[in-house]
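Engineer: coords below, sequence missing:
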DNA sequence: ATTATTGTTCTTATTAACAGAACAATTATT
DNA sequence: AATAATTGTTCTGTTAATAAGAACAATAAT
């Protein structure tokens, strides 16, 4: 594969107009420039210059290659600068759409840390569990939980999200503890409306076999935290992500149920428009979140990522 | 500038999932891969991987860099393949718009040569002196003479076109030979309608000073070859590109006039849509034309390029 | 607890790149 | 027209960069 040095040499010879001039500007011997050039030509099996031993003219293919090389070198420089630590201070607005519970609980600390690390950045946060249209509404970035529908957006997976079934000790004492998923059909379940089939709970048993149970629900809501609170008050059994219930579980105010079964796991994603080059601050924020959750994951902090 | 080897190594480590695997696939020692990687990280001042001495995970910035690098490497490969001699046989249609006289006289031989060199290529030629809309009418390429208006099209200069003033010996004997541009005002001039001011002929004297003369015209046409023939028959004086009249000049059937003055020079351009990557055959044809005219130029063949 | 695997580091050996001069070819100058 | 100056190429000795290979430390798997 063609090397950047060859490409850069070629470009600079074209721009300087001669090998000698290019060598001078680059501060190397002209013999080296000459050698790189003939090496490149031999590599490609193509003549790049029409030489008259005194003057050099680009051939047609030479001109084509030049145009491509200029673009490529610019891309390389941009990539380097974008990623390099010395990219200068970030500044500007970040308009972010994010889901309510996950946003408040998990993204809150991350956003605070990012704010602190980048004094020039301002956030405009839109907490909302409906799916916003990034492009139409001018968001830089959306954070979403769940499976991604097909779209023109780019996605970066940030965190894995595990869910669990749980209920308060009080409720279990009153209504009994289900030992098998099917028994959920005779319990008061608290269901979350923003999933395709709120009243169908899917799982896998220890052997990996998938199953599902249709649960009765007298209380359904589009807010996980509300359901969590309802469960704490003994209203019934919830199936919710760990990041919502882990604290109550740790404190014993909720008890995990049917733990031999795997309950739906999903992911949190950052979605952003598919432009050829992301703006500095958007990219930096996505990278930051990616690192943030990866580190949280590494710590195995029991929050279920 | 980032080394090419560093970049490729980085990408292959990401894709292989580990340094050892990448080293195996590349057929080099893993120590070399490791070194290239840490070199790259140090260069950028950024951590690309989250290392656990046993497993490697991309950091956020690492992921961003990876995405850019993949694109860049693809661009490089494409550039190389596009330009390399071993690009395989060209094939497909080329829909080209080209001006009448220049097309017939100058492009004809070039197109024939290209056809012969590329058996898989087919041409669809549209000879027309009006300015066609490339994009709307689905042309791959337009060849034009004259100054370019601003447009979204890309242009490649193919040839320089010089013009001269001339008339038949018969006419000159009858009407006299003008010695100064102003005298043209009392001659029968044959004017070309497809220029902004057909009856105003502009020139430069030996000192480089610009002037113009308004010429009378009883015969005006939008076809240079027709005017050329009219001049041959003694109808008057023409100002036409050399590629139209050079043969008659060489044969003495037309005599050049006012040769101490410079008459308008212009260029022939290839115009093509501004897509990120030109199709193989379009690019190859443009390169071919570029070389064709450059070589004709080098031969100094007196055709006035 | 042991084994195998992974990434890093170090030293040696090899390879590739460069500088410098000599040369051939061509344009500018006188 | 002849000379001088400039340009690109080629060659060789030298220098710097790079890889290989082994040893080591750390971690996951058995």
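Structural biologist: Happy to help now that I have it. Predicted, not measured: the structure shown is a model, and the values here were computed from it.
Engineer: helices of chain A, residue ranges please.
Structural biologist: Counting by DSSP state H, one finds helices in chain A at the ranges A:4-16, A:19-26, A:30-44, A:60-83, A:100-102, A:108-117, A:134-137, A:169-175, A:224-232, A:242-250, A:280-298.
Engineer: out of those, which is closest to residue B:142?
Structural biologist: Closest approach to residue B:142 among the helices of chain A is made by helix A:60-83 (17.1 Å; C-beta to C-beta). For every residue, glycine as well, the C-beta is placed using N, CA and C.
Engineer: buried stuff in stretch A:157-176?
Structural biologist: A:158-159, A:161-168, A:171-172 (16 or more other C-beta atoms under 10 Å in any protein chain shown).
Engineer: circling back: for the helices of chain A, give me a markdown table that also has mean pLDDT.
Structural biologist: Below are the helices of chain A laid out as a markdown table (pLDDT from 0 to 100):
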| stretch | mean pLDDT |
| --- | --- |
| helix A:4-16 | 93 |
| helix A:19-26 | 90 |
| helix A:30-44 | 91 |
| helix A:60-83 | 91 |
| helix A:100-102 | 87 |
| helix A:108-117 | 91 |
| helix A:134-137 | 79 |
| helix A:169-175 | 95 |
| helix A:224-232 | 92 |
| helix A:242-250 | 92 |
| helix A:280-298 | 85 |
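Engineer: show me what contacts residue A:201?
Structural biologist: A:165, A:181, A:184, A:189, A:212-213, A:215, A:239, A:263 (C-beta atoms under 8 Å, 6 or more residues apart in numbering or on different chains).
Engineer: that one pairs with what?
Structural biologist: Bridge pairing for residue A:201 (DSSP bridges) gives the partners residue A:213.
Engineer: from DNA strand C, how far out is it?
Structural biologist: Residue A:201 sits at a distance of 37 Å from DNA strand C (criterion: C-beta to the nearest atom of the strand, to the nearest Å).
Engineer: follow-up on the earlier one: of the helices of chain A, which approaches residue B:244 most closely?
Structural biologist: helix A:60-83 (24.9 Å).
Engineer: hmm, back to that, using a markdown table, lay out the helices of chain A together with distance to DNA strand C.
Structural biologist: Below are these laid out as a markdown table (distance: least, C-beta to the nearest atom of the strand, whole Å):
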| stretch | distance to DNA strand C |
| --- | --- |
| helix A:4-16 | 6 |
| helix A:19-26 | 7 |
| helix A:30-44 | 3 |
| helix A:60-83 | 16 |
| helix A:100-102 | 32 |
| helix A:108-117 | 25 |
| helix A:134-137 | 36 |
| helix A:169-175 | 37 |
| helix A:224-232 | 38 |
| helix A:242-250 | 28 |
| helix A:280-298 | 15 |
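Engineer: can you list these in JSON lines and add distance to residue A:205?
Structural biologist: Listed next are those as JSON lines, based on distance: least, C-beta to C-beta, whole Å:
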{"stretch": "helix A:4-16", "distance to residue A:205": "54"}
{"stretch": "helix A:19-26", "distance to residue A:205": "67"}
{"stretch": "helix A:30-44", "distance to residue A:205": "59"}
{"stretch": "helix A:60-83", "distance to residue A:205": "45"}
{"stretch": "helix A:100-102", "distance to residue A:205": "28"}
{"stretch": "helix A:108-117", "distance to residue A:205": "35"}
{"stretch": "helix A:134-137", "distance to residue A:205": "39"}
{"stretch": "helix A:169-175", "distance to residue A:205": "21"}
{"stretch": "helix A:224-232", "distance to residue A:205": "24"}
{"stretch": "helix A:242-250", "distance to residue A:205": "20"}
{"stretch": "helix A:280-298", "distance to residue A:205": "26"}
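Engineer: out of those, which gets nearest to residue B:293?
Structural biologist: helix A:60-83 (9.4 Å).
Engineer: now do the buried residues in stretch A:129-139.
Structural biologist: Buried-residue list, stretch A:129-139, by 16+ other C-beta under 10 Å: A:129, A:132, A:134, A:139.
Engineer: just the buried residues of stretch A:157-176: which are in strands?
Structural biologist: A:158-159, A:161, A:163-167 (DSSP state E).
Engineer: tally of neighbours for residue A:291?
Structural biologist: Using other C-beta atoms under 10 Å in any protein chain shown, the number of residues around residue A:291 comes to 21.
Engineer: quick check: closest non-adjacent residue to residue A:39.
Structural biologist: The spatially closest residue to residue A:39, leaving aside those adjacent along the chain, is residue A:6, at 6.7 Å (C-beta to C-beta, 6 or more residues apart in numbering or on different chains).
Engineer: test my guess that that neighbour contacts residue A:36.
Structural biologist: Yes: with contact defined as C-beta atoms under 8 Å, residue A:6 counts as touching residue A:36 (5.6 Å).
Engineer: the two: which is more packed in?
Structural biologist: Under the criterion of other C-beta under 10 Å, the comparison of residue A:6 against residue A:36 puts residue A:36 first, with 21 against 18.
Engineer: check contacts around that one.
Structural biologist: Contacts of residue A:36 by C-beta under 8 Å, 6+ apart are A:5-6, A:9-10.
Engineer: filter those to the buried ones?
Structural biologist: Buried among the contacts of residue A:36 by 16+ other C-beta under 10 Å: A:6, A:9-10.
Engineer: quick one: the one residue sitting closest to the centre of chain A from residue A:264, how far?
Structural biologist: Central residue of chain A (C-alpha atoms, centre = their mean): residue A:156, 2.3 Å from the mean position. In this structure, residue A:156 and residue A:264 are 21 Å apart, going by C-beta to C-beta, to the nearest Å.
Engineer: please apply the same query to residue A:49.
Structural biologist: 63 Å.
Engineer: count of neighbours near the nearest residue to residue A:96 once chain neighbours are set aside?
Structural biologist: With C-beta to C-beta, 6+ apart as the measure, residue A:141 is the residue that lies nearest to residue A:96, at 4.9 Å, once sequence neighbours are left out. Using other C-beta under 10 Å, residue A:141 is surrounded by 23 other residues.
Engineer: the one 4 residues further on now?
Structural biologist: Number of residues near residue A:145 (other C-beta under 10 Å) recorded here: 22.
Engineer: wait, residue A:261 touches residue A:207, no?
Structural biologist: No: using C-beta under 8 Å, residue A:261 is not in contact with residue A:207; the gap is 10.6 Å.
Engineer: how close does the closest residue to residue A:29 other than its chain neighbours sit to chain B?
Structural biologist: Spatially, and ignoring its direct neighbours in sequence, residue A:29 is nearest to residue A:23 (6.2 Å; C-beta to C-beta, 6+ apart). Computed as C-beta to the nearest C-beta, to the nearest Å, the residue A:23 to chain B distance reads 17 Å.
Engineer: for residue A:23, give me its contacts.
Structural biologist: A:29-30, A:32-33 are the contacts of residue A:23 under C-beta under 8 Å, 6+ apart.
Engineer: check residue A:284 too.
Structural biologist: A:90, A:118.
Engineer: again, 10 Å this time
Structural biologist: A:82-83, A:87, A:90, A:94, A:114, A:117-118, A:121, A:278, B:60-61, B:64 (C-beta atoms under 10 Å, 6 or more residues apart in numbering or on different chains).
Engineer: this completes my enquiry, with thanks.
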